[in-house]
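A.B. asks: need coordinates for the below:
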Amino acid sequence: MKQTTKSVCALALLSLSTALASAGEWNTIKKVAPIPVDVYAYSADAFGNPTSGAELVRVTDISRDAPAWQVAFDGNNSNLATLAANAGTYGPTSGLWSLGDDFIGAMVANDMTMPAARARRTAQGFNIQFVWNPNGTVPASGSGNLRILVGCVDKVNGDGGPAYENPLSQLVLIFNALPAGTYSQNYDLSGSASGLGFPLPEATGGGFQLKALESVSPTPLTTQKFQVLFANMCAPGEPDFPGTNPSSSDQFAWVDDTTLSIGSLINKSDYTFADLANTAPLGTAYSERYDEDLTDIAAGYIQPCLGFFTNANARTISGIVKLPEKMAGADWPASADIVVYDGTNRNTVTVALGPNGEYSVLDTLQGGAGGIRRVSIKTRTWLRQNIIVNTAAGSVSGENVSLLGGDCDTNNAVTTDDYLHLSLHFDKDSTDPLWDTVPDPNQPIGPTNLPISYADLDLSGAVTTDDYLILSNNFDVEGDVVP
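C.D. replies: A predicted model of the protein is given here:
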C-alpha cells in the first residue's frame, strides 16, 4: 500500500512505510464464505441523518427473481444472476486482500468508471466484502453493532484532496450484534416500497465513499476494527489480470487508516493520518490516497470490493431541471433533491444532474403497479417545484421543471435573509479561498451553514448585480411545499 503524492522526501517515505508496516502488509484471504445476515437499511444524507420519510427496510441475501441486473460498477467479479461475489465472471484474479486483523480502514473513497448507460441511474443491487473485528484483537474476536454509511459521490479527487465532493443520497446498513469475521454480502433493494437505492454519478469522474460507524448517529469507530477487502477488477488493459469487466477504477484509493499501535490516540476521520504526524512532511492536509499497485508481486492493481448494479426492469421518472436564470455556459449544479410521493410511500433522494440538467429517479412501489405521483424538485439556490406524473404505463420521461432562483439560504423562500447573505458577500468571486467552504463541514448546508458561493445565484463564479436582479425579481416568492 503506497502513498501517491509525488513530491515526497525520502524521510517522509520512510516514516510512512514504517507506519504501514505496523498495520501489517497485504495478506491474501484464501476463502470468504457468504454468511447470511439480516440487515436493515434506510436512506440518509452524507452525514448519516435519515432523510424525510426514510424507510427502514429489511434486506437479506438476494432472493427475488424479478430484477434484471446490469453492472454499474463491480469490484467483486460478481455473478450477475445472484450478485454473489468472487464468481470469476470477468477472468481469474490474484485473490482477496486484507491488511491484517489489527488494521482499521474505517473510511474509503474510490473512483468509478461505469458504462455510459448507467450514468445517473439508481443501483438497487449491492455487494460488499469486509473484515469486522469488534474487540480489536489479533486474531479478531467479539461481536458488536456496525453501521455502514455508503453511497456514491459526484467527484473523487486526486492527490491533494479533498477525497471526494458532492455526495449523493447514501444508505445506512445496520448490522446488529455482528460477530467478528470476514464477510461477503450481496443485497437486493428492489423490493423497497419507497424506491430505496444508490443514485449513481456520471459515468466518469464520480465514485463512492464508505464510512464504518459505531451507531446510527455518525460516530466513527474507536476500538473496533473494520476494513473493506480489495481485489482485482479484471478490467480490460489492467496489468497481470486483465479481463472483461465493463466497469473500471484506477489503482488509487483513499483509505482513512490507523492501527492498534496508536494506543489511545484516535485517528481523525478526514483522510489525514495526523495523530502520529508521520505524513506531515508530505505538505498536504489530505495524505491518505494510496497506490494499490501490486504488480511487483505479479498481483496487478487491486480495488475496494464493492459493487453497484442497476435493474433493467426498474420503473423510473426522468426529465430536465431547467434553470433559466443561470448564466449561459455555466455548469449545472451537481445534484438535485427530489421527492416522489404516491400518497403513502415517499422516495426522498439526492440525485446527480447531467451536463444539461438531466435527472432520473426511481418510482415508488417497484414491486407493484405505477400510478399518479407527485414529484417535487429543488436544487441549490432555486425554489422547489412540484409536478404530477403518471407511471401507470411504466417509466416516464420528459418530466421537466423550470425553477426560479434567489434562495441563498436554501429554505425554499426568497426573503431578507437571502438579501443579507448576498450583501455580505457582494463582489466576491470563486478565487476566494473560502468560496465553497461552509462554517461547519460536519453539518449539511442550510440557513446557518452557508458557503459564500450560495450568493452566486446565476453560477457565474462571482457575486454581482446580476444576482441582485434575480433576488429582486423573485423576492417574497416561496417554493412549492414538499408533498
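A.B. asks: partner strands of the biggest strand by length in the chain and their direction?
C.D. replies: Secondary structure of the chain per DSSP state E: the longest strand is strand 164-179. The strands that strand 164-179 pairs with in its sheet are strand 39-44 (antiparallel), strand 143-156 (antiparallel) (by DSSP bridges).
A.B. asks: now that strand - C-alpha only, CSV.
C.D. replies: This file holds the C-alpha atoms of strand 164-179, laid out as CSV (Å, rounded to 0.1, in the frame of the first residue of the first chain):
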residue,chain,number,x,y,z
TYR,A,164,-14.5,13.4,-2.6
GLU,A,165,-17.1,16.1,-3.2
ASN,A,166,-20.9,16.4,-3.7
PRO,A,167,-22.2,13.2,-2.1
LEU,A,168,-25.5,11.9,-3.5
SER,A,169,-28.0,10.1,-1.3
GLN,A,170,-26.4,7.5,0.9
LEU,A,171,-27.7,4.4,2.6
VAL,A,172,-27.0,3.3,6.2
LEU,A,173,-26.7,-0.5,6.5
ILE,A,174,-27.5,-1.7,10.1
PHE,A,175,-25.8,-4.8,11.4
ASN,A,176,-26.8,-5.7,15.0
ALA,A,177,-24.6,-7.9,17.2
LEU,A,178,-22.5,-8.9,14.2
PRO,A,179,-19.8,-11.5,15.2
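A.B. asks: that strand: which residues count as buried?
C.D. replies: By neighbour count on 16 or more other CB atoms under 10 Å, the buried set for strand 164-179 is 164, 166, 167, 168, 169, 170, 171, 172, 173, 174, 175, 178. No exception for glycine: its C-beta is placed from N, CA and C like everyone else's.
A.B. asks: distance check, the residue nearest to the last one when sequence neighbours are not counted against residue 211.
C.D. replies: Counting by CB to CB, 6 or more residues apart in numbering, residue 178 lies nearest to residue 146, which is 5.2 Å off, once chain neighbours are set aside. Counting by CB to CB, to the nearest Å, the gap from residue 146 to residue 211 is 11 Å.
A.B. asks: the stretch 351-483 of the chain: strands as residue ranges?
C.D. replies: Secondary structure of the stretch 351-483 of the chain (DSSP state E, counting those that start in this stretch): strands located at 358-362, 372-378, 385-390, 401-402.
A.B. asks: if you count neighbours, what's buried in the second one?
C.D. replies: By neighbour count with 16+ other CB under 10 Å, strand 372-378 contains the buried residues 373, 374, 375, 376, 377, 378.
A.B. asks: so what's residue 414 up against?
C.D. replies: 383, 404, 406, 407, 471, 474, 475, 476, 477, 478 (CB atoms under 8 Å, 6 or more residues apart in numbering).
A.B. asks: would you mind splitting this protein into its domains for me?
C.D. replies: 2-310, 315-473 (automatic domain parsing).
A.B. asks: end to end, how far does the shortest one reach?
C.D. replies: In this case it means domain 315-473. Terminal residues of domain 315-473 are spaced 38 Å apart (CA to CA, to the nearest Å).
A.B. asks: now it: mean pLDDT?
C.D. replies: What domain 315-473 shows for mean pLDDT is 96.
A.B. asks: residue 446 versus the spatially most central residue of the chain, what's the distance?
C.D. replies: Geometric centre of the chain, nearest residue: residue 152, 2.5 Å, by CA atoms, centre = their mean. Separation of residue 152 from residue 446 (CB to CB): 22 Å.
A.B. asks: which stretches of the stretch 51-200 of the chain form strands?
C.D. replies: Using DSSP E, counting those that start in this stretch, strands in the stretch 51-200 of the chain cover 57-59, 69-74, 96-98, 103-111, 122-133, 143-156, 164-179, 181-188, 198-199.
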